[in-house]
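> Structure for this input, please:
(one chain, ligands or ions: 3)
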Amino acid sequence: MTRIGVATNLRLILLGPPGAGKGTQALLLKEQLEIEHVSSGDLFRHHLSNGTELGEIARGYMNQGALVPDEVTIGMVLGRVRSMPTGQGFMLDGFPRNTNQAEALDGALEQRGQKIDRAVHISVPDDELIRRLSNRYICRKCQKPFTRTPASGEPPKSCNECADGGEIYQRDDDTPYAVANRLIVYHQETAPVLDFYRDAGLLATIPGEGTVETVNKSVLAALGLTVEV
Ligand code: AP5
Ligand code: MG
Ligand code: ZN
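Ligands and ions are numbered 1, 2, ... in the order given. Next up, the predicted model:
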């Protein structure tokens, strides 16, 4: 992996529908840019695994493919942002998901004298998203996604990324019902967030089809960065 490391204080948002590849790209960018990855979905799944009260509140919403209420979500994500040193760059994945969350984020950053630098929207058609999510497995420990394909067959039983091999499982919200609902919620509630960042002159939309490496190059290009691999 080539480290670029010129953007360690970059504050970035990854936007896109469920299955667009936000988490996949974030794992690459975290290494390339040396910035923190803050995924609201991963934070919720961490709470679920640890049986916390917050996890119990989130579970029902997540399994239905609905948004967890803002009163719970905003505090959780902004708490994580506020805990970082001010010079530390980060990318938010899965947050903000409605305009109320986007405004709360702007307010929290303003208190730190900061702004978002770029919002990258990874665009993928719904039929491809449904195909990806019905064949996705993830690691319970590091959240790395794996895909079941006719060529690769079943995913491994344990993760090859974690030192002690996390269990590979299918997310409870990757059922056909929850996926359909997540897409409806995305188009109704999250699509306006694209306009929010477009109006602020921060939005870059890139195609999310093609190989993971191709999409990665497009994300870096949208940030004005290139990488030799
Ligand atoms: P969250 O965990 O954020 O899920 P999501 O947005 O639905 O997105 P996914 O994680 O499913 O997809 P992804 O874009 O990360 O794609 P991935 O890289 O895995 O949220 C889950 C739930 O938590 C929500 O429904 C809600 O209930 C709650 N929640 C979270 N944030 C919230 C918020 N802010 N407010 C309220 N509630 C919130 O890739 C998908 C698959 O495709 C993988 O198998 C991968 O290997 C494959 N893939 C990736 N790239 C490619 C490629 N280029 N070509 C082919 N396959 C690819
Ligand atoms: Mg994800
Ligand atoms: Zn793992």
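
> Kindly provide the distance from G107 to ligand 3.
35 Å (Cβ to the ion, to the nearest Å). Every residue, glycine included, has its C-beta placed from N, CA and C.

> ditto for L92
21 Å.

> continuing past the one helix or strand that residue maps to, what's the next helix or strand?
Assigned by DSSP states H and E, L92 belongs to strand 90-93. Counting by DSSP H and E, the element after strand 90-93 in chain order, helix or strand, is helix 99-111.

> I figured T147 hits R136, correct?
Yes. T147 lies in contact with R136 (Cβ atoms under 8 Å); the separation is 6.0 Å.

> the more surrounded of these two?
The residue with more neighbours, out of T147 and R136, is R136; 20 against 13, by other Cβ atoms under 10 Å.

> Please list all residues in contact with the more buried one.
Listed by Cβ atoms under 8 Å, 6 or more residues apart in numbering, the contact set of R136 reads G19, P145, F146, T147, R148, Q170, R171, D174.

> To what extent is the residue lying closest to L54 once chain neighbours are set aside buried, counted in neighbours?
Of all residues not flanking L54 in the chain, H47 sits nearest, at 4.7 Å (Cβ to Cβ, 6 or more residues apart in numbering). Applying other Cβ under 10 Å, we find 19 residues neighbouring H47.

> now the closest residue to T147 other than its chain neighbours: how far from V219?
Excluding the flanking residues, the one nearest T147 by Cβ to Cβ, 6+ apart is N135, at 5.3 Å. Look at N135 and V219: by Cβ to Cβ, to the nearest Å, they are 23 Å apart.

> Ok, T24 next?
Distance, T24 to V219, using Cβ to Cβ: 11 Å.

> cool, and M76?
25 Å.

> Surely P18 and A180 touch.
No. Using Cβ under 8 Å, P18 makes no contact with A180, being 10.4 Å away.

> show me what contacts S218?
Taking Cβ under 8 Å, 6+ apart as the test, what S218 contacts is I206, P207.

> Confirm that T214 sits in a strand.
No. With DSSP: H, G, I helix; E, B strand; the rest coil as the criterion, T214 is helix rather than part of a strand.

> show me the contacts for it.
Per Cβ under 8 Å, 6+ apart, neighbours of T214: none.

> That one and ligand 3, how far apart?
24 Å.

> Please report the distance of that residue from G165.
29 Å.

> and what of T8?
In terms of Cβ to Cβ, T8 sits 30 Å off from G165.

> re earlier: compare T24 and V219 and say which is more crowded by neighbours.
V219 (25 against 20).

> Mutual contacts of T147 and R136, please.
Contact with both T147 and R136 is made by no residue, according to Cβ under 8 Å, 6+ apart.

> Burial check on the closest residue to F95 other than its chain neighbours, number of neighbours?
With sequence-adjacent residues excluded and distances taken as Cβ to Cβ, 6+ apart, F95 is closest to S40, at 4.1 Å. By other Cβ under 10 Å, 22 other residues sit near S40.

> Point out where this protein drops to low pLDDT.
1-7, 227-229 (pLDDT under 70).

> Tell me the residues of it that contact ligand 1?
16, 18-24, 40-41, 44, 61-62, 65-68, 73, 94-95, 97, 101, 132, 136, 145, 147, 173, 182, 210-212, 215 (Cβ under 6 Å from any ligand atom).
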